[in-house]
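Chemist: no FASTA, just this:
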């Protein structure tokens, strides 16, 4: 009789022990899936460098940015491209050796998400998923 009682108690202990492991495993799976979701939500911006109103694509990059940190277009460009600036670092004058020219009347036009920038690249902050476009254009 004592053996049967001992076997019954051990069986119950195993059942409860297994059920606790399952809930712990479920919690670990949930935590792992949340971590994967966070990794999938990379904080990125896209930079597209073109000529002649987008007719010629020079370069296109997806760039990871630091979450929660105020980052300007100029920060992104300085960290990921070889650039030269003008007007006290407010505007981009040259990207990867390609410069605007007074002789050819060209300049780097900046837009973000299809909207023309109204301030210099050093003042324009970026958000995740922004599309930053620099186009070497002619002016009159």
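Modeler: Received the coordinates, thanks. Since the structure is predicted, the reported quantities are computational estimates derived from the model, not experimental observations.
Chemist: so what's the most centrally placed residue in the chain up against?
Modeler: By Cα atoms, centre = their mean, the chain has its centre lying nearest to residue 44, at 1.3 Å. Counting by Cβ atoms under 8 Å, 6 or more residues apart in numbering, residue 44 makes contact with 62, 63, 64, 65, 128, 129. Every residue, glycine included, has its C-beta placed from N, CA and C.
Chemist: any idea how far residue 106 is from it?
Modeler: Distance, residue 44 to residue 106, using Cβ to Cβ, to the nearest Å: 29 Å.
Chemist: hang on, the earlier thing: for the residue nearest to the centre of the chain, list each beta-bridge partner.
Modeler: When bridges are taken as DSSP bridges, the partners of residue 44 come out as residue 64.
Chemist: How about residue 125?
Modeler: With DSSP bridges as the rule, residue 125 is bridged to residue 72.
Chemist: what's around it, how many residues?
Modeler: Neighbourhood size, residue 125 [other Cβ atoms under 10 Å]: 13.
Chemist: Cross-check the contact I'm expecting between it and residue 74.
Modeler: No. If you go by Cβ atoms under 8 Å, residue 125 and residue 74 don't touch, sitting 10.1 Å apart.
Chemist: quick one: common contacting residues for those two?
Modeler: Counting by Cβ under 8 Å, 6+ apart, nothing touches both residue 125 and residue 74.
Chemist: Near residue 45, how many other residues are there?
Modeler: For residue 45, the tally of surrounding residues (other Cβ under 10 Å) stands at 21.
Chemist: Tell me where the chain has strands.
Modeler: 44-51, 56-64, 83-86, 91-95, 98-99, 106-112, 115-116, 131-138 (DSSP state E).
Chemist: To residue 70, which of these lies closest?
Modeler: strand 44-51 (13.3 Å; Cβ to Cβ).
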